[in-house]
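*Asks:* Build me a model from this:
(2 chains)
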Amino acid sequence: MVVVRITAMHMSDGLVDIPTAAVFGAVAVIGLALAVTRARRDLDDRTAPMAGLVTAFVFAVQMINFPILPGASGHLLGGALVAILVGPWVGALCIAIVLAVQALLFADGGLTTLGTNITNMALISVFVGYGVAMALRGLARRSRAGLVATAFVAALVATVGASLGFVLEYAIGGAAGAALGTVFALMSGLHALIGVGEGVITAATIGAVAAIRPDLVYLLRGTAAPLELRTATEGTGA
Amino acid sequence: MSVPSKDRRAMGFFVGLLLAALLIAGGLSYFASSAPDGLDTVARNGCVLTEDGEPESGTCIAQNAQDSATAGSPLADYAVGGGEGTTGLAGVLGVVACLAVGGGLFWVLRRRDS
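*Replies:* Numbers count the residues shown, from 1 in each chain, chains lettered A, B, ... in the order given. Below you'll find the predicted structure:
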């Protein structure tokens, strides 16, 4: 039997120097503090449990590395997924909790690089994903197919966005070992491929949630949920 | 007072979402690719690697990687106590931890004006 070893998926300690790690640690703290204050308005008795479960779901799906090239794999980051399901502020907190649990309990991602990992995946990925989803909101609200297509594109762009966060951090204070141009080309190229996988998983998940509970999809808030209308009609008919 | 049907429907969906997370972390995780991910692939580019994937010779970013301060954690590397074949159990514990921390934080932060 092949023993599956899931090891490091995020930036380890030592990949950027301490000043750079400290700067992005501060970026992460400021971003998350803002997220805590903004998340309140998006959380109620119904969406708070949803957000907790979405956090657990992202942790689970992040464990599933899928092959992208011989000898290379990718896994979900989840930025666009959480942005579309629970909104960007709550979503940033979801991903940050996943990253903290991974770093503290599973030794996945360094402690000094927790700030860079949060910046890339909880801030950049979530807000790039949210930006793309909002730009395509008209399409997303028109039909289920539109929503699924929006989720795919948002996830693809968000994944490449997160990878460019690493390139930026490497440019500022990365450890030696590779030329910046090479890092940029490889990171963006590989994450365009990973982004396709991220897009498929995100689109499938959003499509499934929207089919069952469209009222729990943040991006669809304010639109009449077809399921609710049908139930109401059945209830008052006959 | 009876539970409104909308709340019961919400409970059903939430239970389904939790089961999906538990099945993915507890079962599907055994089928995950063990090849290095995108970042790891870039970090190891330029190095000749040992069988374990550690940089042996050459020049690459991964040579600067240090073990995490939590490398001795009982759940390090998604295994319980370092035991082989415990990925699923480690995953289930991670799901529970994320649900507890996330659910707790979001429940405390929620609006209570309704």
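*Asks:* Name the residue closest to the centre of chain A, please.
*Replies:* Nearest to the mean C-alpha position of chain A, by CA atoms, centre = their mean, lies A:G79 at 1.5 Å.
*Asks:* hang on, that one packs against A:I95?
*Replies:* Yes - look at A:G79 against A:I95 with CB atoms under 8 Å: they come within range, at 6.5 Å. From N, CA and C alone the C-beta is placed, and that goes for glycine too.
*Asks:* okay, and the common contacts of these two?
*Replies:* The contact sets of A:G79 and A:I95 overlap at A:M121, A:A122, A:S125, A:V126 (CB atoms under 8 Å, 6 or more residues apart in numbering or on different chains).
*Asks:* For A:T182, which residues are in contact?
*Replies:* The neighbourhood of A:T182, defined by CB under 8 Å, 6+ apart, consists of B:N45.
*Asks:* I'd like the distance between it and A:G189.
*Replies:* Separation of A:T182 from A:G189 (CB to CB, to the nearest Å): 11 Å.
*Asks:* Strands of chain B, residue ranges please.
*Replies:* Assignment of strands within chain B using DSSP state E yields the ranges B:47-49, B:55-58.
*Asks:* what's the most buried one of those?
*Replies:* strand B:47-49 (a mean of 15; mean count of other CB atoms under 10 Å in any protein chain shown).
*Asks:* Outside of that strand itself, list whatever touches it.
*Replies:* With contact meaning CB under 8 Å, 6+ apart, strand B:47-49 is reached by B:P55, B:E56, B:S57, B:G58, B:T59, B:C60, B:A62, B:Q63.
*Asks:* Distance-wise, check A:L111 relative to A:M11.
*Replies:* 11 Å.
*Asks:* In terms of packing, which of these two has more residues around it?
*Replies:* Neighbours were counted for A:L111 and for A:M11 using other CB atoms under 10 Å in any protein chain shown; A:M11 has more, 29 against 16.
*Asks:* how would you label that one: helix, strand or coil?
*Replies:* Taking DSSP: H, G, I helix; E, B strand; the rest coil as the rule, one finds A:M11 in the coil state.
*Asks:* and the shared contacts of A:G79 and A:I95, which of them are in helices?
*Replies:* Of those, the ones assigned to helices by DSSP state H are A:S125, A:V126.
*Asks:* could I get the shared contacts of A:G79 and A:I95 as CSV with pLDDT and neighbour count?
*Replies:* Shown next, in CSV, are the shared contacts of A:G79 and A:I95 (pLDDT from 0 to 100; neighbours: other CB atoms under 10 Å in any protein chain shown):
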residue, pLDDT, neighbour count
A:M121, 97, 29
A:A122, 98, 29
A:S125, 98, 31
A:V126, 98, 32
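*Asks:* From the shared contacts of A:G79 and A:I95, pick the one nearest chain B.
*Replies:* Nearest to chain B among the shared contacts of A:G79 and A:I95 is A:M121, at 10.6 Å by CB to the nearest CB.
*Asks:* and the strand or helix carrying A:A210, what's its mean pLDDT?
*Replies:* Using DSSP states H and E, A:A210 falls within helix A:180-212. For helix A:180-212, mean pLDDT is 97.
*Asks:* how about that helix: buried residues?
*Replies:* For helix A:180-212, a neighbour-count test (16 or more other CB atoms under 10 Å in any protein chain shown) marks A:183-184, A:186-188, A:190-203, A:205-207, A:209-210 as buried.
*Asks:* so how far is A:I68 from the nearest residue to A:A107 once chain neighbours are set aside?
*Replies:* In this structure, A:A107 finds its nearest non-sequential neighbour in B:A76, 3.9 Å apart by CB to CB, 6 or more residues apart in numbering or on different chains. Separation of B:A76 from A:I68 (CB to CB): 25 Å.
*Asks:* if you count what's nearby, which of the two comes out ahead?
*Replies:* Neighbours were counted for B:A76 and for A:I68 using other CB under 10 Å; A:I68 has more, 23 against 20.
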